[in-house]
Each structure stands twice: as structure tokens, then as C-alpha cells.
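Peer 1: this one's structure only:
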């Protein structure tokens, strides 16, 4: 009787392993299909360093102040 129990446990174990193997193979098949697809790269703006952005903002601020002063002096 013990022998039959051991064989049943082994059968159950092999069944679980087979199911896991199928799940893993399914994942790899999905990854393979995804890898075959053509992917368009997104169009991203050119990179600017944070220091150049801060410098540009500072220049814009100075220009707007100069323009305001010019308008005030013409009144």
C-alpha cells in the first residue's frame, strides 16, 4: 500500500512540474513574439542640461524686464 502512495505522490509531483514547464514555455513564447515585433522609437525633444535651462530662463527673465522698462520709459 505504501508503494502505491509513493507512486501517486511521484505522479502528482511530475504533473506539477509538467504544468510549471508549460507555463514557463508559454512565457518564453510570448517574449519571443514580442521580440519579433517592430517597435517605433518615440520622438523625444533634444536633451538640455539643467544648467542651460536655468540660463535660458534667466535670459528670458532679463529680456522681459528690459522690455517692461522700455515700455514704461516710452509712456
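Peer 2: Received the coordinates, thanks. Computed from a predicted structure; not experimentally measured.

Peer 1: what about residue 35, distance to residue 22?
Peer 2: With distances defined as C-beta to C-beta, to the nearest Å, the gap from residue 35 to residue 22 amounts to 20 Å. Using the backbone N, CA and C atoms, a C-beta is placed for each residue, glycine as well.

Peer 1: quick one: the strands in this protein?
Peer 2: Listed in chain order, the strands found in the chain under DSSP state E amount to none.

Peer 1: quick one: low-confidence parts of it?
Peer 2: Along the chain, the model assigns pLDDT under 70 to residues 47-55, 71-75.

Peer 1: hey, which helix is longest across it?
Peer 2: As far as residue count goes, and with DSSP state H defining each element, the longest helix of the chain is helix 2-36.

Peer 1: Can you give me the buried ones in it?
Peer 2: Neighbour counts using 16 or more other C-beta atoms under 10 Å place no residue of helix 2-36 among the buried ones.

Peer 1: next one: that helix to chain centre, how far?
Peer 2: Average the C-alpha atoms of helix 2-36, do the same for its chain, and the two points are 30 Å apart (C-alpha atoms, centre = their mean, to the nearest Å).

Peer 1: Repeat that for stretch 28-42.
Peer 2: A distance of 14 Å separates the centroid of the chain from that of stretch 28-42, by C-alpha atoms, centre = their mean.

Peer 1: Distance across it, terminal residue to terminal residue?
Peer 2: With C-alpha to C-alpha, to the nearest Å as the measure, the first residue of stretch 28-42 is 26 Å from its last.

Peer 1: Run through who's touching that stretch.
Peer 2: Surrounding stretch 28-42, not a single residue is in contact under the criterion C-beta atoms under 8 Å, 6 or more residues apart in numbering.

Peer 1: Return the distance of residue 7 relative to residue 22.
Peer 2: Taking C-beta to C-beta as the measure, residue 7 and residue 22 are separated by 23 Å.

Peer 1: Give the burial count for residue 45, as a bare number.
Peer 2: Using other C-beta atoms under 10 Å, residue 45 is surrounded by 5 other residues.
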